[in-house]
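[1] Have a look; sequence and predicted model below, questions after that.
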Amino acid sequence: MANIVQFENVGLRYGTNPETLSDVSFTLQAGSFYFLTGTSGAGKTSLLKLLYLSQRPSRGVIRLFGEDAVTLPRSRLPGFRRRIGVVFQDFRLVPHLSAYDNIALPLRVAGMPEDEVDEPVREMLAWVGLNERAGARPPTLSGGEQQRIAIARAVITRPEILVADEPTGNVDPDMAERLLHLFASLNSLGTTVVVATHDLHLLSRIPAARMMRIDRGRLLDPTGALRFPPPGETPAP
Ligand SMILES: Nc1ncnc2c1ncn2[C@@H]1O[C@H](COP(=O)(O)OP(=O)(O)OP(=O)(O)O)[C@@H](O)[C@H]1O
């Protein structure tokens, strides 16, 4: 399988602080499912930000889709970003728009003619099981419902990579299972999925997933090639 993402000796420093990420090197293979784990503050969100190009590294090489993403001209950033769907830790839904319009937003921003928007949005609403909530605004939705709208919005443009930051952080175990099922079904269609979580129980739910562990800004499994559970290891309770 081709490498869709490649990090080489990447470092990230916020301002004059010590490095938040140091010497991070790994590759992600197209079509694989990855968990990124680590304690709070280890650097998971920071690493994901580099991956979806909302943050530039302080040093090192990042290649996305076979191209150097660090020196990418600004004019090409939107095109690259469209190939990466992001589910943010805090959802970032637009509160005054309905669930339907939140999901439709990326299509409209990309200039899709209005008469072509309805079908994919309805398809997404059905996929995440929220047909009945199409007209509801985010503040009236539960955490799990908002998360499913956020996932639908992230994938409606059929991105090649889906990045999700703690997607099960605010939901009960049943909903967490359901969300993971959505990610697994996307992955089975060929999308490369990267899920950051500190919930080790989730990891065993996707047996084929590979695991990357980060500790105080350093990646412990640089190849990202470990399957879960790694030989001789069991997840912490
Ligand atoms: N914009 C920023 N400016 C300065 N420091 C930051 C910034 N963003 C993150 N940090 C610091 O970088 C470190 C890693 O943060 P990050 O959010 O990447 O960790 P995380 O593993 O995602 O944590 P959590 O699981 O709590 O979300 C933390 O010490 C944090 O305070």
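    Sure thing, it's come through.

[2] how about the residues of this protein that lie near the ligand?
    By Cβ under 6 Å from any ligand atom, the part of the chain that sits against the ligand consists of 14, 17, 20, 38, 40-46, 198. To be clear about C-beta, it is placed using only N, CA and C from the backbone, and glycine gets the same treatment.

[3] Redo these as CSV? Include pLDDT.
    Shown next, in CSV, are these (pLDDT from 0 to 100):
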residue, pLDDT
14, 95
17, 93
20, 97
38, 91
40, 89
41, 92
42, 94
43, 95
44, 95
45, 95
46, 97
198, 83
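
[4] Pick out the most distant pair among those residues.
    Using Cβ to Cβ, these span at most 21.9 Å, a distance reached by 17 and 198.

[5] neighbour count winner among these two?
    Using other Cβ atoms under 10 Å, the more surrounded residue of residue 17 and residue 198 is residue 198, with 14 against 8.

[6] State whether the more buried one and residue 38 are indeed in contact, as I suppose.
    Yes. Residue 198 lies in contact with residue 38 (Cβ atoms under 8 Å); the separation is 6.7 Å.

[7] Counting neighbours, what do you get for the residue nearest to residue 149 when sequence neighbours are not counted?
    Take residue 149 and drop its neighbours on the chain: the residue closest to it by Cβ to Cβ, 6 or more residues apart in numbering is residue 99, 4.9 Å away. Neighbour count for residue 99, taken as other Cβ under 10 Å: 29.

[8] Show the contacting residues for residue 99.
    Residues near residue 99 by Cβ atoms under 8 Å, 6 or more residues apart in numbering: 125, 130, 133-138, 141, 145, 149.

[9] one more time with 10 Å
    Residues counted as contacts of residue 99 (Cβ atoms under 10 Å, 6 or more residues apart in numbering) are 93, 121, 124-125, 128, 130-138, 140-141, 145-146, 148-149, 152-153.

[10] Could you pick out the buried ones from those residues?
    Those of the contacts of residue 99 that meet the buried threshold are 93, 121, 124-125, 128, 130, 133, 136-138, 141, 145-146, 148-149, 152-153, by 16 or more other Cβ atoms under 10 Å.

[11] before we move on, could you check phi and psi at residue 75?
    Torsion angles at residue 75 (phi, psi; degrees, to the nearest 10) stand at phi -60, psi -20.

[12] Pull up the gap between it and residue 211, please.
    To residue 211, residue 75 is 36 Å away according to Cβ to Cβ, to the nearest Å.

[13] more crowded one of the two?
    residue 211 (21 against 7).

[14] wait, is that one part of a strand?
    Yes. Assignment of residue 211 by DSSP: H, G, I helix; E, B strand; the rest coil places it within a strand.

[15] which residues pair with it across the strands?
    Counting by DSSP bridges, residue 211 forms beta bridges with residue 35, residue 226.

[16] Residue 196 is in contact with that one, correct?
    No. Using Cβ atoms under 10 Å, residue 211 is not in contact with residue 196, being 11.3 Å away.

[17] and for these two, which residues touch both?
    Counting by Cβ under 10 Å, 6+ apart, the residues touching both residue 211 and residue 196 are 34-37.

[18] Go through those residues and give me the one with the most neighbours.
    residue 36 leads those on contacts (other Cβ under 10 Å) with 27 neighbours.

[19] So that one sits against residue 48, correct?
    Yes. Between residue 36 and residue 48 there is a contact under Cβ under 10 Å: 7.2 Å.

[20] Name the residues contacting each of these two.
    Joint contacts of residue 36 and residue 48 (Cβ under 10 Å, 6+ apart) are 163-165, 194-196.
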